[in-house]
Structures are given as structure tokens and as C-alpha cells.
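In: make a model of this:
(chains A and B)
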Amino acid sequence: MSRGTATDLVYLIAIIGFVLALKGLSSPRHARTGNLVGAAGMLVAVGWTFSLPEVYSHTRNLVLMIVAIAIGAAIAVPAARLVKMTAMPQMVAIFNGVGGGAAALVSVTEFISLPGKTLAIYKICEILFGVLVGSVSFAGSAVAFAKLQELMTGRPITYPGQQLINAGIAVAIVALVGVTIATASTPVLVVVLVLSLVLGAIFVLPIGGADTPVLISLLNAFTGLAVAASGFTLDSTLLIVAGTLVGASGTLLTRMMSQAMGRSLPNILFSAFGSVVTAGEGPGTEGRSVRAGTAEDIGVLLAYARKVAIVPGYGLAVAQAQHTARELADALAARGVEVYYAIHPVAGRMPGHMNVLLAEANVPYDQLEEMDEANSEMGTTDVALVVGANDTVNPAAKNTPGSPIYGMPIINADDAENIVFLKRSMRPGFAGIDNELLYDPKTTMLFGDAKDSLSKLVAAVKAA
Amino acid sequence: MIASAGPGIMGFITVFVLAAFVGYEVISKVPSVLHTPLMSGSNAIHGIILVGTMVVMGEAHGAAQLTLGFLAVLLATLNVVGGFVVTDRMLEMFKAKPTDRKAAAQAKRGGGEGTGS
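Out: Numbering: from 1, shown residues only, chains lettered A, B, ... in the order given. I've put the predicted structure just below:
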């Protein structure tokens, strides 16, 4: 068997690993195995690549390459291991962005290393596509990271003439792409690279923090396509297939995620344009009073209820209160109260966030109820205990056309007989809009850190 | 055998189109719980760009190419390693649920302490 055939065969094994990984990751039972199969495929592919003459023949290059890999691994492992569960979405964003950056750099380097005149037009097109999409993904992910990490505001950023400026930059890129194809000029390619970075950043600016997970998924698909473009440039079936798998599955996943939020993708990407004025305007909620309760009162309310729904949100994640929530649920169950968790699919800052946290606290699966299930039970529920959630129970999504979250499916906590909010303050949620439900006469507030409040409630329930 | 650029690029385009269909079909029904882990896992898979960056860097000539190549390998490594580790951490949370009695005992003993990880 020739070396080339052996390489193709090894890479085919890696590809099979990637397909199985995606398949496994889409079912709860095989998800973890799937990820390991994907990692094994990656290890096989990268390991074999070291045996290629074009990789090992220049010793200096090989040494530097190993140094780069060592540095990368030395940064990535601790970063990924130590990051808090709440910070996971921004980690995904940044790891996605660097992949896009790598794809763009591969395309640029190939362009520089090949003498311009010998390049076929389709080759230049592949390179340009890799540079353009890779850079957009890199810059977009960087801005998404900054938004989620709260290095900048998570609110949509808009400015006058935004659409014109964006369109202008897009047109400039298209024109320069034409020039690059005609002249194969490196400086022009660099300008395309820079403008693509700008485009990536300004594309993300008007997208609100709550929509960022969907955006990251879209940029993930972009990076996949950039990698596929690099595969075309390098004549690598492995890169084409792996990149395209991610591009296609990522596109589908992005659609599923936006459906879970009850929104269309264009609505998520472009809704901030022109709608800034309506955001944040509740119908005259200023100056209205809310009812704040004590932990003891609420403890009694819970202890003598028949059925309690715990509605977790981002505040639970921030306070790392999942164990305490479970403790409260156990204390209530010990008194014969029926407890279930009402899980909104996009509660927290990534879909599935709550399931992940509650699974960590060993909450039994049968107590977790998905939104539809939970909503059908909410009418017979005595107390909906909302722990650090806001937008996902905001009735404005049902009643207030024009609200940024209008149309998003919510947990109908307002159907429960009583509502208790554990919240740090009256500050609005991630979408930046007021919540009518806080002022509802059925609602009692307990201010404070979710974990502290829950511990107090546990004590109060036990004492009741 | 016809030796021209034509069949080569057409071969790649065929592979591309078929891979697009596979990618679309393979994840037909994903429960919303798994949206983020799937996103993160596929994020790790496009880290395969590492293989491309290694080939480019291996063949690099001159300071400019070498620097770009070095940077590309570094970024791609971050993508691969970080991607798989983050995904694995997310999925650790989906470990098989212990029996209820054991879990209740655990909650009684250590429920109040912070995170488990």
C-alpha cells in the first residue's frame, strides 16, 4: 500500500469518527461516547499527519510546529478545565473563533506561498472564501466572547447609519474580491482580510446577549465552511468533509436553536435594527410596587403547598445554587409536597444549561419537565418558585407585541396560584426588558443571592 | 485516466456536496438539552484545520510564512483541544443517574457545599 493510500485510509477512519461523533452527540445516551469517538478520530488524523514528508522534512519547521502545539495545548486544557459552568458559552465562542482564524491564516499562507500567476481562478476563489468566512467567524466570535464575558455591554449596539455602513463594507469586500481574482495581488487580499474582520465584528454588535448562543452556533457553521474552503485549497478530502459536516449540521442546529426560542434566524440576526426604541419600554411599570416577603413566610407557603414548580434560570447558574435547589426539593418532598423543575429550553445562557447544572446536583431526571409538559401542569401548581429566571417567564412574550421577546415560548409561571421570585434585584433580565409578572399581586419577591435565599428557604421549610 | 484539473476539483465538489447531505441528515432530531454540547462538539471537529495548518507550516519558507504558519498551528490547537475538553466537561453532567436512594443520601450529606466540579 502506498503512503498516499495509507494516508487516505487513516483520514477516512477519522472522518467516520467525526460522523459517528455527531450522531452520538445528538442523543443523550451516546453523547459522551460520541465526543470521545470524535476526539479519537482527531488524534488518529493529527498523529498520522506527523508521518507526512511535507510535515517533517524541515526540522526547524517541525520543531516550531511542536512548540506551537504545546503552547496551544498548555493554554487550552487549563482554560477549558477550570472555566466555570456559567462561562461555557464564551469558551465555545472563543475556541470557535480561533478555528476560523486558523482557517483564514491557512488560506492566506497558501496564497503567499504559491506564485500568483500559476493560480487557477477557482483556487483564488477558494482562498478568498476561506479568508473571508474565517475572518468573519474569528472577529464575530471575539465580539460574542466580549459580550458574554461582560467585557462590553450585552445589549444590542446600534448607531445611526448602521445598515448603510455594513452594506458599504460588504460591497467594498465584494469589489476587492473581484480585484483579487483579477490581479492575484497580496496587498489587496490583506485588505479583504482586514475588512472581513471589521464585517464580522459589526455583524455581531447589534445582536443582544440573550441571542448570542444562536449566533455562536451560526459562527460555528461558518468556521466549518471556512475549514472546508481550506480543504479545497490544500486538496484535502479530510478537511473538506469534516468542515462541511460541521457547516451543514451547524446550520441545521442553528435553525433548531432559534426555533427553540420561537424566533426565526433573520429575526435574531437583524431585529435590533430599528427596534431599539421599543426595547425596554414596559407599559408604565415605573413606580409600581412589588411585594417582598421574608424567607419564613415563603417557607410556610412552600411547606403547605401540594405542588411546587421550581423554575430555574441564569441566576441559579451564577450563584451555583443547584445543590441547594435540590436540597430544598428534597426537604419539600420529605413533607409530601410534589416538586418538579420547569425547564425552559433556553434558560441560562445556553440551551440545556439548566439540565446540565441540575444533573450535576443529581436531580432525578423524572423531576425535570420540559416547557410544554411543565406548562400543562402549571395550572394545578400552587407555587411557582422562580430562581434567578426572568425573561423565560415574562408574559410580555405572550401579551406585548413589539417586545423584543414577543413570540418566544415561555414557562407560564403566571398560571400558578402563587409566584415566588428569588432575584438579586429588580434589574431586568438579559433581554433588558421589564417583567410585568414581578408586579403581579400573586407574586412575592425574595431578594438576594439565589443560593443564600434557597438555604434560608430550606431552613424555613424544615422549621415550618 | 484523464490527467487534467477538471476531474480533481469535480471530485472534491462531489465530496463536498455529499458531506453536506450527511452533515444535515446525521443530526436529524436533537433534544434541546443537547444543543449546546452538540455545538461545542462540532466546534471541536472543525479543529481538523490543525492538519491543514501542520501541512502549511511544514512547507513554509521564509519568516512571513513561518510566522503565519506558527500562529495558525497555535490557534488550531486551541480549537481542537479546547473544543473537546469543554464538550467533555459539559457531557460529564449527563452521567448515568445514580439510584434515587443513593442520590438522596448524597444530597443529605453534602448538598450544601458549592459545586461538585
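
In: how about the helices in chain B?
Out: Using DSSP state H, the helices of chain B run over residues B:5-26, B:35-45, B:49-58, B:62-77, B:83-92, B:100-110.

In: would you format those as a markdown table with mean neighbour count and distance to chain A included?
Out: To be clear about C-beta, it is placed using only N, CA and C from the backbone, and glycine gets the same treatment. Putting the helices of chain B into a markdown table (neighbours: other C-beta atoms under 10 Å in any protein chain shown; distance: least, C-beta to the nearest C-beta, whole Å) gives the following:
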| stretch | mean neighbour count | distance to chain A |
| --- | --- | --- |
| helix B:5-26 | 15 | 3 |
| helix B:35-45 | 31 | 4 |
| helix B:49-58 | 29 | 4 |
| helix B:62-77 | 21 | 3 |
| helix B:83-92 | 25 | 4 |
| helix B:100-110 | 13 | 4 |
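
In: mean pLDDT lowest where, among those?
Out: The stretch with the lowest average pLDDT out of these is helix B:100-110, scoring a mean of 43.

In: pull the number of nearby residues for residue A:27.
Out: Using other C-beta atoms under 10 Å in any protein chain shown, residue A:27 has 15 neighbouring residues.

In: do the same with the one 3 residues further on
Out: In terms of burial, residue A:30 registers 15 neighbours under the definition other C-beta under 10 Å.

In: if I look at it, how far off is residue A:253?
Out: The span separating residue A:30 from residue A:253 equals 17 Å under the rule C-beta to C-beta, to the nearest Å.

In: which positions in the stretch 351-464 of chain A make contact with chain B?
Out: Within the stretch 351-464 of chain A, the residues that sit near chain B (C-beta under 8 Å from any C-beta of the partner chain) are A:351-353, A:355-357, A:359-362, A:364-365, A:370, A:455.

In: in helices, which of those appear?
Out: Among those, the members falling in helices (DSSP H) are A:353, A:355-357, A:359-360, A:455.

In: please identify which pair of the residues you listed lies farthest apart.
Out: The largest distance within these, taken as C-beta to C-beta, falls between A:355 and A:455 and amounts to 22.8 Å.

In: neighbour count winner among the two?
Out: For the pair residue A:355 and residue A:455, the greater number of neighbours falls to residue A:355 (27 against 18), based on other C-beta under 10 Å.

In: pLDDT value on the closest residue to that one other than its chain neighbours, please?
Out: On the basis of C-beta to C-beta, 6 or more residues apart in numbering or on different chains, the spatially nearest residue to residue A:355 that is not a chain neighbour turns out to be residue B:33, at 4.4 Å. If you check residue B:33, the pLDDT there is 73.

In: just give me the neighbour total for residue B:33.
Out: Counted by other C-beta under 10 Å, the residues lying close to residue B:33 total 23.

In: from residue A:343, how far out is it?
Out: Residue B:33 sits 8 Å away from residue A:343 when distances are taken as C-beta to C-beta.

In: which residues do those two both contact?
Out: Here residue B:33 and residue A:343 have residue A:355 as joint contacts, going by C-beta atoms under 8 Å, 6 or more residues apart in numbering or on different chains.

In: buried ones in stretch A:373-390, by neighbour count?
Out: Of the residues in stretch A:373-390, those buried under the neighbour-count criterion (16 or more other C-beta atoms under 10 Å in any protein chain shown) are A:374-375, A:377-378, A:381-390.

In: quick one on the thing from earlier: would you turn the helices of chain B into CSV with distance to residue A:233?
Out: Converted to CSV, the helices of chain B look like this (distance: least, C-beta to C-beta, whole Å):
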stretch, distance to residue A:233
helix B:5-26, 10
helix B:35-45, 19
helix B:49-58, 8
helix B:62-77, 13
helix B:83-92, 22
helix B:100-110, 52
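
In: of all the ones you listed, which one is nearest residue A:425?
Out: Among those, if distance is taken as C-beta to C-beta, the winner is helix B:35-45, at 27.3 Å.
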